[in-house]
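Student: the following block contains a protein sequence and its predicted model.
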Protein chains: 2
Amino acid sequence: MNDLLRKSIEQYSGQSLSEECALQFDAFVFEKTLDKKALLLEAGQSCNYIFFVLSGSCYSYLADRKGDTRVVQFALEGYWISDLASFFSGNKSTYSIECLEPTKVLMMNKAAFEHACSAMPILERYFRVLIQNAYVSMQYRMAKTTSEEAEDRYTEFATRHPDFMQRIPQYLIASYLGIQPQSLSRIRKQLASKR
Amino acid sequence: MNDLLRKSIEQYSGQSLSEECALQFDAFVFEKTLDKKALLLEAGQSCNYIFFVLSGSCYSYLADRKGDTRVVQFALEGYWISDLASFFSGNKSTYSIECLEPTKVLMMNKAAFEHACSAMPILERYFRVLIQNAYVSMQYRMAKTTSEEAEDRYTEFATRHPDFMQRIPQYLIASYLGIQPQSLSRIRKQLASKR
DNA sequence: CGCGGGTTTGATGATGCTCAAGCCCGGTGG
DNA sequence: CCACCGGGCTTGAGCATCATCAAACCCGCG
């Protein structure tokens, strides 16, 4: 089993993963390598997999009414990414997922997910905690977004995710934060002159 | 067992609930009745319960840096509400929860939650799906909030939650949508004249 | 009747968007 | 090796949206 994944499982489940479970899990997933700009998922298709990023990076997004892309999530190594609504329901996905760099992912389909979860309680727990955390931080981010202004959102993002700043182009960060790339450029200029 | 709760469990878990499980579950929770404006939780305390609303309504909120309250979630009958980060971690809560009306809730503490989940797989599944759904719709709401403007957010909210509109004061809906009550008033005026 | 919470209305101003142009830099093809 | 191209970042000017400050209004309740 991949080391990043093992660490993730043990960290979030709070339990250690037996060799047996690790082997069993590996049978449920497979690996795929993608070029920069390749799509892991295209909006409108049904999303049949959840993806665990082994190396590289990607992001999910949707098109707003004007056709501009709005970033929903970034995923570097060690993150899961998918369109969960589509994955669980089988309906068409609303998001697309694109690679920012050459990327390696592990893929797991729904049947595998269900089997793995019911066969190994540690996994059921792992995914529950993972989603719980994601939900909690999303709720918090939402409250911040509606109450704070662009500059604060940017500085908070920058301090919470210094690793993202190095590898993700500015215009995508702007989109994620809900501001225009021009505005973000001005904000950065502001901040630079402040200190 | 309360009927609303039974329906909720059966709907989200996709399974029917045995009488035995129902009785077992009831042993894990207790009921409480609160006045309008009473607090189910005060920010800064640790949140020891998750609450299921049997009748009445309430909402969670936090104070932004200016001290204004920002609504995070509404809960009518049949909804769960809590500060999950605090509930699971034991840390101090960032949200407060207040009743909008005289309200009856079921309360379940963390030990009961863990026991119930491990004793009854249907519950583990129920809560996982519940949180999954909450996460998915939160993600979607986030994308909308950063891309659409106040009027669109309001009309979407109004059409998705007609039941909320009847019972929740405007200034709280405004807060939930991230706009000022004055602005919402003007938006409503606009919309009224449009048709 | 008067108080107070919630909603409305008006005037003004700030924040961030739009449209438009220029710049920087890495990649590609001649 | 250089010129060109294009994607991303920057800068400027004008404008729309929404926040802020302030006051009036409405209405249920003690």
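Tutor: Arrived safely, thanks for sending.
Student: quick one: the helices in chain A, in order.
Tutor: A:3-13, A:19-26, A:84-89, A:110-119, A:121-147, A:150-160, A:162-167, A:170-177, A:181-194 (DSSP state H).
Student: now stretch A:56-66: average pLDDT?
Tutor: Mean pLDDT, stretch A:56-66: 92.
Student: buried residues, that stretch. List them.
Tutor: By neighbour count on 16 or more other Cβ atoms under 10 Å in any protein chain shown, the buried set for stretch A:56-66 is A:Gly56, A:Ser57, A:Cys58, A:Tyr59, A:Ser60, A:Tyr61, A:Leu62. Any C-beta I mention is one placed from the backbone N, CA and C, and that applies to glycine too.
Student: ok, A:Ala192 - how many residues close by?
Tutor: For A:Ala192, the count of nearby residues is 8 (other Cβ atoms under 10 Å in any protein chain shown).
Student: which residues are in contact with A:Ser13?
Tutor: Contact partners of A:Ser13, counting by Cβ atoms under 8 Å, 6 or more residues apart in numbering or on different chains, are A:Ile122, A:Leu123, A:Arg125, A:Tyr126, A:Val129.
Student: I'd say the fourth one and A:Tyr12 touch.
Tutor: Yes. Between A:Tyr126 and A:Tyr12 there is a contact under Cβ atoms under 8 Å: 5.3 Å.
Student: comparing those two, which residue is more hemmed in?
Tutor: More crowded of A:Tyr126 and A:Tyr12, by other Cβ under 10 Å: A:Tyr126, with 22 against 17.
Student: tell me the pLDDT at the more buried one?
Tutor: pLDDT for A:Tyr126: 92.
Student: what of the one 3 residues further on?
Tutor: pLDDT for A:Val129: 90.
Student: give me the nearest residue to it, chain neighbours excluded.
Tutor: Residue nearest to A:Val129 in three dimensions, not counting chain neighbours: A:Tyr12, with 4.7 Å by Cβ to Cβ, 6 or more residues apart in numbering or on different chains.
Student: roughly how far does the nearest residue to A:Glu101 once chain neighbours are set aside sit from DNA strand D?
Tutor: The shortest distance from A:Glu101 to any non-neighbouring residue, by Cβ to Cβ, 6+ apart, is to A:Gly56 (4.4 Å). Going from A:Gly56 to DNA strand D by Cβ to the nearest atom of the strand, to the nearest Å gives 16 Å.
Student: likewise for A:Asp64?
Tutor: In this view, A:Asp64 and DNA strand D are 14 Å apart by Cβ to the nearest atom of the strand.
Student: does that residue touch B:Glu149 like I think?
Tutor: No. Between A:Asp64 and B:Glu149 there is no contact, the gap being 10.9 Å when judged by Cβ under 8 Å.
Student: mind listing what A:Glu31 touches?
Tutor: Contacts for A:Glu31 (Cβ under 8 Å, 6+ apart) come out as A:Leu54, A:Lys104, A:Val105, A:Leu106, A:Met107.
Student: now with 10 Å, please.
Tutor: By Cβ atoms under 10 Å, 6 or more residues apart in numbering or on different chains, the contact list for A:Glu31 reads A:Asn2, A:Phe52, A:Leu54, A:Lys104, A:Val105, A:Leu106, A:Met107.
Student: beta partners of it?
Tutor: On the basis of DSSP bridges, A:Glu31 takes part in beta bridges with A:Leu106.
Student: same question, A:Lys92
Tutor: Under the criterion used (DSSP bridges), A:Lys92 bridges to A:Ser46.
Student: isn't it right next to A:Gln45, touching?
Tutor: Yes. A:Lys92 is in contact with A:Gln45 according to Cβ atoms under 10 Å; the separation is 6.7 Å.
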